[in-house]
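>>> 3D model of this:
(one chain, ligands or ions: 2)
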Amino acid sequence: MDSACGPPEAMADKREELTPMMGQYHNLCARYDDAIVLFQVGDFYETFCGAAERTARLLELTLTSREDSTGEYPMTGIPVDNAASYVEGLLEAGYRVAIAEQVEEPGESQGVVERAVTRVITPGTLTEDELLSSDDNNFVAAVARDGAQFGLAFLDVSTGDFLATSATDRETIADELSRFSPAEAVVGPDAPAGLLEGDGTRQDCLVTPYDEAAFDLERAAEHVATYFGNPDRLLASDAEIAACGALLSYAEYARGGIAEDVDEESMGADTGTDTSVGADTGTNTGAGTDTDPATDTPLETNTPTLEYLTHLTRYDPREYLLLDAVALRSLELFEPRSVDGHEEATLVGVLDQTASALGGRQLKDWVRRPLLEPAEIEARLDAVDTLRAAVQCREELTTLLRAVYDLERLIGRISRERANARDLQALGDTLLVVPEVRETLCDISDDADRLEELHERLDPLSDVRTLIESAIAPNPPAEITEGGIIAEGYDGDLDDLRATARDGKQWIETLEETERERTGIDSLKVGYTSVHGYYIEVTNPNLEAVPEEYQRRQTLKRAERFVTPELKERESAIIGAEGRADEREYELFCAVRRAVADEVERVQALADAIATLDALCSLATVAAQYDYCRPTIVDGAPELTIEAGRHPVVERTQSSFVPNDTALGSGVGVGVGVGAGVGGMDNGDSDGHDDQRLAIITGPNMSGKSTYMRQVALITLLAQIGSFVPAERATIRPLERIFTRVGASDDIAGGRSTFMIEMDELATILREADERSLVLLDEVGRGTSTADGLAIAQAITEHLHEEVGAMTLFATHHHPLTELADDLGAAFTLHFSAGQEDGEVVFGHTIAPGAATGSYGVEVATAAGVPEAVLERSRALLEGPNDDVTGPSHADTLTAQTATADGGDDPTDLAAELRALEIAHLTPVEALAELDRLQRLLE
Ligand code: ADP
Ligand code: MG
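Numbering: from 1, shown residues only. Ligands and ions are numbered 1, 2, ... in the order given. A predicted model of the protein is given here:
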């Protein structure tokens, strides 16, 4: 990557003369040459040379240096106890971090302390609680390719969620990447270039090119098999197997999988070869300092070392409503669009009233993958409905669920041997809540199958709870090697050792009194220092009375300190017993932790049930609180009718939100009892043509067009995750895809003209949408001159109507498009209007059938106080013949209706030229030049 990674050159030159410790550092850097190596020296992680300079600058640390006989090397240290925030800084700067820990106590062996990389921290493989957001997954993806097939796998190392899918087209892969928004993507040698750079992934997705061998089919298949059994039964394609295998390999690597001792001899040859040489030969170093070194023996290749991985879920993208990257962003499901938009201004922000981190992640996953199957949707709706009605029960459940710890991450830590006694206690405390949850749920579980099912799945794991309760001391310390973590009465040996220590201490406590009596020295004191141990102190005036067997230990100014043989004996008994007790406790603790880890599958299943219940409760609470209605889910003919629908997010920030109706589909036109606003949203055909698929929406700026279109998409999406919806009534046949395109967007940053982006995005829609899609087009065709913008808009409309058959809402400033609605059977027009009140423009935000009058621009201008003469002239222009008004196109405000296709000298020429344009083959600059030329032709 840069001089911060890999073996420092300054050291490489003098490799042979380096001190053993520096040699060790050098070798670890060589082995983990794609990471910054944090090298533990006592209480600090040190970095040297280039890494030190980089680290110091990034983290604002002091740069010092370390000298040995070979020279002076820059050095920077990070405190071990407080490393997380520093590591975060390095990750944010795009680095991976290899933690090289001391894996033996200093002094345990001759020579230099053994160190090994116990963990490679990368953005996608975080397990550190401090670095993770609790209510969101943190995925690492792997992309593999097998001929025309792409395989894709996602893993959350902190929770054990593991999913896989495949597709033959890039778009689907890009869409899935944007759905899961991984923090890191591991790619093999044939990874399609550019796949991870587009809109597909989040901007901060770190792309990690990884060892080719890990993607090798045979090896990957073996790898998958060690964890989950026969890969052919689990996965649908070779590409999927390759992706899953590679991801497993990477997760093991991140776990410190190549951490067997870095042998000086063999390292030389290895230097700088690759990062994943040993990615498969996992050594179960597990935890660093808190692991019994005895377990650090290298395991056989292909022994699963990631115990928390218990299941692999294969899914098909077509099983879920697909929102592509652009739709995800423009609908603001997870992230607000505006940079400074507040966080609640997203769908998830409104929807998430979950009580636990588990529930929060579950809910997000539902939003990410809305359902298609009416039966499944109904099952969730039934549960939400029941919980919504059972107010008291739901509130009780929510209160109980607040006490639930993050079971998935707890059990992950436990099985990684990273958990301390507090973690086990947290697990125990959570298990304690489960019976209460069960009981509360019992009252209503008969009313919905899904709740009944959950009731059964809520396994209180009483064996695990009993074990934890009996073994772990109340309020244990965080440290696990210093005792105080195992409960009294759990282990006879431990109790005996403790009793010995206690007896000894008691004897010492009484010693002061007995010795005072025996010697007659009233001021005699018994005390303790960590350096000298127990002592008897006698002040100088009393020294004469000191008995013979007192042995002098220490001389103070006014007193002498003594020990007696018996005191020494007692003392060593205490220390011996305490030491052995601590060891015993640690042993017992590890055994308990392993026993709990063995139940990882049951704990994960429980976590899943709790997560589901919590997410359902959240939907129920939202439904009740915001007055949502239960949507009717239908199968069969396309239908999307909404009565008095609201935008779930805008209505939360807008004091008075005006509800609007929607009627799309076949058989929804005439005669469907849609509420007041759009009563008979008739398409104008007097023969009762009742197919309404494509609405052309006009109206002035700020009248509510964009909000309306998004609300339709969001209501549908909500229904498909099994949520109630912000409306009075809604009937929906599940959609398979939602596309949204917002024209005139401002992100020119990517180097492409906005028009180019629009065309690109439109091309995707025209290619991929079908009659089970909802297409929202918001002012597309705006990034170019009015005439060709209109031409394109019209052609698109026709194509969507004739060929694609998708349900479409098209908000446009191209007024002539509304006339098109008359010619297209399933197209119709809707509009918003503006009025004025006391000289102010007011928007009713009410949608109505028909096209906007076209003079709304003038109305707005009037209300805004534009001088009367100007208004007069614009009215005249509006009424006059068209060729009078081909002036500058203020399409936004004044001349919305006036720009027409025949504004040019010879529209047929122009159209021909346009048609001949090979947009896909133009560079942005060429496109702009071409547009400019065409526009000049017009003038
Ligand atoms: P347009 O796309 O027509 O320019 P928008 O949809 O962006 O208009 O809406 C402009 C503003 O009007 C929004 O920011 C919102 O605050 C408000 N608004 C939109 N629809 C409604 C509504 N139905 N009820 C109340 N306010 C609304
Ligand atoms: Mg708009």
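
>>> can you list the residues of the stretch 501-650 of the chain near ligand 1?
V650 (Cβ under 6 Å from any ligand atom). (Each C-beta comes from the backbone N, C-alpha and C, glycine too.)

>>> The residue in the stretch 601-750 of the chain that ligand 2 sits nearest to: helix or strand, and which one exactly?
Ligand 2 sits closest to S706 of the stretch 601-750 of the chain, with a gap of 3.2 Å, by Cβ to the ion. In the assignment (DSSP states H and E), S706 maps to helix 705-720.

>>> elements contacting that helix?
Counting contacts by 3 or more Cβ pairs under 8 Å, 6 or more residues apart in numbering; DSSP states H and E, helix 705-720 is packed against helix 347-351, strand 639-645, strand 660-666, strand 694-698, strand 729-732, strand 737-742, strand 773-778, strand 807-811.

>>> Columns mean neighbour count, mean pLDDT and distance to T310 on top of those, output as a markdown table?
Shown next, in a markdown table, are the helices and strands packed on helix 705-720 (neighbours: other Cβ atoms under 10 Å; pLDDT from 0 to 100; distance: least, Cβ to Cβ, whole Å):
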| stretch | mean neighbour count | mean pLDDT | distance to T310 |
| --- | --- | --- | --- |
| helix 347-351 | 21 | 95 | 27 |
| strand 639-645 | 25 | 96 | 40 |
| strand 660-666 | 25 | 92 | 43 |
| strand 694-698 | 27 | 93 | 48 |
| strand 729-732 | 22 | 97 | 36 |
| strand 737-742 | 24 | 88 | 32 |
| strand 773-778 | 24 | 92 | 37 |
| strand 807-811 | 27 | 93 | 41 |
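
>>> of all those, which lies closest to H801?
If you check each of these against H801 by Cβ to Cβ, strand 694-698 wins as the nearest, at 5.2 Å.

>>> do that closest one and ligand 1 meet at all?
No: for strand 694-698, no contact with ligand 1 is found by Cβ under 6 Å from any ligand atom; the gap never falls below 8.5 Å.

>>> residues in contact with V80?
By Cβ atoms under 8 Å, 6 or more residues apart in numbering, V80 lies in contact with 40, 43-45.

>>> sorry, back to before: just the angle between the helix holding S706 and strand 773-778, please?
If you take axes from the mean of the first three to the mean of the last three Cα atoms, to 10 degrees, helix 705-720 sits at 160 degrees to strand 773-778.

>>> what's the angle from helix 705-720 to strand 694-698?
140 degrees.

>>> before we move on, the earlier item: include distance to T64 when you put the helices and strands packed on helix 705-720 into CSV, please.
As requested, the helices and strands packed on helix 705-720 are arranged in CSV below (distance: least, Cβ to Cβ, whole Å):
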stretch, distance to T64
helix 347-351, 46
strand 639-645, 64
strand 660-666, 66
strand 694-698, 66
strand 729-732, 65
strand 737-742, 53
strand 773-778, 57
strand 807-811, 62
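
>>> which one is R66 nearest to, not counting chain neighbours?
Spatial nearest neighbour of R66, excluding adjacent residues (Cβ to Cβ, 6 or more residues apart in numbering): M75 at 4.5 Å.

>>> Surely that neighbour forms part of a strand?
Yes: counting by DSSP: H, G, I helix; E, B strand; the rest coil, one finds M75 located in a strand.

>>> Return the residues in contact with it.
46-48, 52, 63-66 are the contacts of M75 under Cβ under 8 Å, 6+ apart.

>>> Quick check: pLDDT value at it.
Note on M75: pLDDT of 94.

>>> what's the answer for S178, then?
Confidence score, pLDDT, at S178: 87.

>>> Likewise for A899?
For A899, pLDDT reads 35.

>>> cool, and E396?
96.

>>> Show me what whichever strand or helix holds it is packed up against.
Per DSSP H and E, E396 falls inside helix 391-402. With contacts taken as 3+ Cβ pairs under 8 Å, 6+ apart, helix 391-402 sits against helix 374-389, helix 421-442, helix 600-625.

>>> Let me know which of those is tucked in deepest.
The highest mean neighbour count among the helices and strands packed on helix 391-402, using mean count of other Cβ atoms under 10 Å, belongs to helix 600-625: a mean of 23.

>>> which other residues reach the helix or strand following that one?
Moving toward the C-terminus from helix 600-625, the next helix or strand (DSSP H and E) is strand 632-633. Strand 632-633 has contacts (Cβ under 8 Å, 6+ apart) with 374, 377-378, 381, 719, 729-734.

>>> One more: stretch 507-527?
534-539, 542, 545-547, 561, 567, 570-571, 574.

>>> so of the residues you listed, which ones are in helices?
567, 570-571, 574 (DSSP state H).

>>> In JSON lines: those residues, plus neighbour count, distance to T818 and pLDDT.
Formatted as JSON lines, those follow (neighbours: other Cβ atoms under 10 Å; distance: Cβ to Cβ, whole Å; pLDDT from 0 to 100):
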{"residue": "L567", "neighbour count": "22", "distance to T818": "102", "pLDDT": "92"}
{"residue": "R570", "neighbour count": "19", "distance to T818": "99", "pLDDT": "92"}
{"residue": "E571", "neighbour count": "18", "distance to T818": "97", "pLDDT": "92"}
{"residue": "I574", "neighbour count": "20", "distance to T818": "93", "pLDDT": "92"}
